[in-house]
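Chemist: Predicted structure and sequence below. I'll ask about it afterward.
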2 protein chains.
Amino acid sequence: MNDTYVRIEYEALLGFCRRVFEKLGLSNEDAAIASDVLVASDVRGIESHGVGRLWRYRNGLKTGLMLPDAETEVLKDTPSSVVLNANGGMGAPVSVKAMNTVVEKADANGSAFGCVRDSNHFGIAGYYAMLALEKDMLGFAMTNTAALGVPTFGRQVAYGTNPLAFCAPADREKAFVLDMSTTVVTRGKVELYDNKGKGLPLGWAVDKTGRSAENPKTILDDMFNRIGGGILPLGGEGEGFGGHKGYGLAVMVDILCAVLGGAAFGTDICDTETSSARVSHFFGAIKIDRFRDPADFRKDMDIMLERLRRSSPAEGCERVYFAGQKEFEKEAECMTEGVPLLKHTYDELCWITSEEDLEAPAASS
Amino acid sequence: MNDTYVRIEYEALLGFCRRVFEKLGLSNEDAAIASDVLVASDVRGIESHGVGRLWRYRNGLKTGLMLPDAETEVLKDTPSSVVLNANGGMGAPVSVKAMNTVVEKADANGSAFGCVRDSNHFGIAGYYAMLALEKDMLGFAMTNTAALGVPTFGRQVAYGTNPLAFCAPADREKAFVLDMSTTVVTRGKVELYDNKGKGLPLGWAVDKTGRSAENPKTILDDMFNRIGGGILPLGGEGEGFGGHKGYGLAVMVDILCAVLGGAAFGTDICDTETSSARVSHFFGAIKIDRFRDPADFRKDMDIMLERLRRSSPAEGCERVYFAGQKEFEKEAECMTEGVPLLKHTYDELCWITSEEDLEAPAASS
């Protein structure tokens, strides 16, 4: 392990986050959910959406951009659907409630879907999709985000990184869990290159002229100020490598999350100094037994996933993975060895600790 | 228009295809559906899935790989789902029936999904998804195909081009219609480069070592013989440009089409000299009024789609399009000016004409 990391015991980290959220005004139940989603991200190796964001969440709650006690409003409720207004509350608690409602409805109805509007950052989409797995269902989760993606042939941002997650249960094998942004990379990755003073690979982002560019600083500045430029869709610049497909997927996510739920979409979603993004989410569940015996489904999934992970690797590569496999392996490691956190992130936790009069979780190197 | 093309009046082309299918043993109803799907593809500018395939369909029906009068079997039927066994029939007729059933079920149930197994090539996925539009529903359609895609870090094919289609209705604007393969390109594109003696752009396909390669002939041969190599997923080689995302999407499509319906998946789907691929499909519909007033949904779609098509183009580009826009524009052109067919394709039609004792549709240049 790199010496810029420390490890924290899983339960200790979870308990610490829970206490921070409680101090910030969340109910015990909401604090438990928000912590679980946050720590699950680090545990699954998705550092960008993990405890490193606690500092930002705290800022949002302190400044009133995110409300710790917002009342969730039910805008629509049918046997196959639910539309919730989070009224500016935290993303994770309302999303767990929405996905659990969707799963419950799908249990009776065969399939069900839900939208949540006026919400905030909900962490990893896969967390919510996976709530369907134990119930022998296929799970879906998506969210829109502040606009930073440029359409094919364009030069101005028009949509967010708009991740989508899909999961399907297996038996002996772990589940198939796809959790992907529909842009080539996220803003965090571009920021990382900026921090390191590195040029971007061509095909990640375009500058204000709309052409693939390397300077992360200029791109981030011009994008933030809406001068032009932004991140490219999955598939990159133009149509030659399928950039129009990634662009289409991103808009699909925006339609399902925002247009279906009657929420803000596209460039109306932005982070500024004074307002939060007010993003929206989409959740879905399809019950497998409406198609075939779930036990048979799981057995076929075993065959499919085993074949994929045993597939011959390319020269110079060690292994082939199926979606979610790396994350399950990381999870197993974290449960025995502790959750790795960047030293920098741990220092932030310690700072929050002193501000909120709490005790920091013990770290080992 | 390029001089290698001719134009045929829409109704004449449709009628001709219908008569060919009737001669080959399809019922009047099935022949009408199969023709409509085929011609719709040319009309929407998707030449690779259009009348140019009539010759192949005829071969399949003549040799018994596709059955003109296969009995569709209902394997499962619930208020939210349907599973059909096409028993080796043509893809288009059973797919239209499946999607219409799904739309009907969604009308009562809020959402519904269907799988079709043991089917054949169904043409453009978007055709089926669009059957939901008039009913104020979101439509989904997917299919798996013979395996030709290589997983991230791999060197052997593991899944097909596995296209997915999603559509959403608008009011003044045309609908949003995403219809995309989940690989960077399809086999047809690689064959085209082979025919022209051109090298492939790096990032489209890998050779038997699993590394990005340029020679289309070697790749096609080694892929067909399962020696190694194949087409890359959307996002290209490795993870740097999101290739693992395209790979994940392709497997998602295989799960929804095949594992959910109890059909063959992955490398079990292949075209050989003596057997057809026996592919499977997935269809879905979600009723918009379970979330909000469809009229309001359509108005918001207008705003979204108008913004996208008016988005500033990159330097050197003329326009920004939303998914499906180009195809709707092409359709309008074809209805007034006739459907463009490659001269080569028209010659094939004339040959079929003489074989089947039919009259060829008139062509203008």
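Modeler: Perfect, thanks for sending it.
Chemist: dump the residue contacts of the closest residue to A:Pro294 other than its chain neighbours.
Modeler: Leaving aside its chain neighbours, A:Pro294 sits nearest to A:Asp136 (3.9 Å; criterion: C-beta to C-beta, 6 or more residues apart in numbering or on different chains). C-beta: built from backbone N, CA, C; applies to glycine. Contact analysis of A:Asp136 by C-beta atoms under 8 Å, 6 or more residues apart in numbering or on different chains lists A:Pro169, A:Lys287, A:Ile288, A:Asp289, A:Pro294, A:Phe297.
Chemist: Tell me how far the fifth one lies from chain B.
Modeler: Here the criterion is C-beta to the nearest C-beta, to the nearest Å. By it, A:Pro294 lies 10 Å from chain B.
Chemist: didn't A:Gly243 look like it was pressed against A:Gly236?
Modeler: Yes. Under the criterion of C-beta atoms under 8 Å, A:Gly243 makes contact with A:Gly236 at 4.9 Å.
Chemist: In terms of neighbours, single out the busier of these two.
Modeler: A:Gly236 (28 against 23; other C-beta atoms under 10 Å in any protein chain shown).
Chemist: Report the secondary structure state of that one.
Modeler: Classification of A:Gly236 using DSSP: H, G, I helix; E, B strand; the rest coil returns coil.
Chemist: Now do it against B:Phe241, distance only.
Modeler: 6 Å (C-beta to C-beta, to the nearest Å).
Chemist: what is in contact with the two at once?
Modeler: A:Val184, A:Gly203, A:Trp204.
Chemist: A:Ala175 and A:Ala132 touch, don't they?
Modeler: No. Taking contacts as C-beta under 8 Å, A:Ala175 lies outside contact range of A:Ala132: 9.7 Å.
Chemist: Next, show the common contact partners of those two.
Modeler: With C-beta under 8 Å, 6+ apart, A:Ala175 and A:Ala132 have common neighbours A:Cys167.
Chemist: which residues in the stretch 151-300 of chain A form helices?
Modeler: For the stretch 151-300 of chain A, the helices defined by DSSP state H, counting those that start in this stretch cover A:187-195, A:216-224, A:243-254, A:294-309.
Chemist: what about the third one, near chain B?
Modeler: Which is helix A:243-254. Yes. Interface with chain B: helix A:243-254 contributes A:His244, A:Lys245, A:Gly246, A:Tyr247, A:Gly248, A:Leu249, A:Val251, A:Met252, A:Asp254 (C-beta under 8 Å from any C-beta of the partner chain).
Chemist: is it possible to export the contacts of A:Asp136 to CSV including neighbour count?
Modeler: Formatted as CSV, the contacts of A:Asp136 follow (neighbours: other C-beta atoms under 10 Å in any protein chain shown):
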residue, neighbour count
A:Pro169, 23
A:Lys287, 24
A:Ile288, 22
A:Asp289, 16
A:Pro294, 16
A:Phe297, 24
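Chemist: Kindly reformat the residues you listed as CSV containing distance to A:Ile8 and pLDDT.
Modeler: Output for the contacts of A:Asp136, formatted as CSV (distance: C-beta to C-beta, whole Å; pLDDT from 0 to 100):
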residue, distance to A:Ile8, pLDDT
A:Pro169, 30, 98
A:Lys287, 38, 98
A:Ile288, 37, 98
A:Asp289, 40, 98
A:Pro294, 37, 98
A:Phe297, 37, 98
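Chemist: Specify which member of those is nearest to A:Glu356.
Modeler: Within the set of the contacts of A:Asp136, A:Pro169 lies nearest A:Glu356; the separation is 39.1 Å, counting by C-beta to C-beta.
Chemist: Report the angle between the worst-scoring helix or strand of chain A on mean pLDDT and helix A:216-224.
Modeler: Across the helices and strands of chain A, mean confidence by mean pLDDT, DSSP states H and E is lowest for helix A:187-195: a mean of 89. Angle, helix A:187-195 to helix A:216-224, by axes from the mean of the first three to the mean of the last three C-alpha atoms, to 10 degrees: 140 degrees.
Chemist: So what touches helix A:187-195?
Modeler: A:Ser48, A:Leu148, A:Thr161, A:Gly199, A:Leu200, A:Trp204, A:Ala205, A:Pro216, A:Lys217, A:Ile219, A:Leu220, A:Ile231.
Chemist: filter those residues to the buried ones?
Modeler: Buried residues within these, counting neighbours by 16 or more other C-beta atoms under 10 Å in any protein chain shown: A:Leu148, A:Thr161, A:Leu200, A:Trp204, A:Ala205, A:Pro216, A:Ile219, A:Leu220, A:Ile231.
Chemist: who touches the residue of the stretch 251-365 of chain A found nearest chain B in this structure?
Modeler: At 2.3 Å from chain B, A:Ala314 is the closest residue in the stretch 251-365 of chain A, using C-beta to the nearest C-beta. Going by C-beta under 8 Å, 6+ apart, A:Ala314 touches B:Phe153, B:Gly154, B:Arg155, B:Val206, B:Thr209, B:Gly210, B:Arg211.
Chemist: how does it look with 10 Å?
Modeler: By C-beta atoms under 10 Å, 6 or more residues apart in numbering or on different chains, the contact list for A:Ala314 reads A:320, B:150-156, B:206-212, B:228-229, B:237-238.
Chemist: One more: A:Ala132?
Modeler: A:99-100, A:102-103, A:106, A:138-141, A:166-169, A:175, A:283-288.
Chemist: rerun that using 8 Å as the cut-off
Modeler: A:Met99, A:Val103, A:Ala106, A:Leu138, A:Gly139, A:Cys167, A:Ala285.
Chemist: Just flag the most distant two among the residues you listed.
Modeler: With C-beta to C-beta as the measure, no two of these lie farther apart than A:Ala106 and A:Cys167, at 13.7 Å.
Chemist: low-confidence ranges in chain A?
Modeler: Scanning chain A for pLDDT under 70 picks out A:1-3, A:273-275.
Chemist: Go again with 50.
Modeler: Counting by pLDDT under 50, chain A shows low-confidence ranges at A:1.
Chemist: can you list the domains in it?
Modeler: Domain assignment for chain A by automatic domain parsing gives A:1-69+A:338-365, A:70-181+A:235-309, A:185-231.
Chemist: ok, then the element right after the helix or strand where A:Val37 lies?
Modeler: Assigned by DSSP states H and E, A:Val37 belongs to helix A:28-43. Per DSSP H and E, helix A:28-43 leads on to helix A:54-63 as the next helix or strand towards the C-terminus.
Chemist: Could you check the angle that next one makes with helix A:28-43?
Modeler: Between the axes of helix A:54-63 and helix A:28-43, defined by the same axes, to 10 degrees, the angle is 150 degrees.
Chemist: what number of residues lie near the residue of the stretch 151-300 of chain A at minimum distance from chain B?
Modeler: Residue nearest to chain B within the stretch 151-300 of chain A: A:Gly210 (2.3 Å; C-beta to the nearest C-beta). Neighbours of A:Gly210 under the rule other C-beta under 10 Å: 25.
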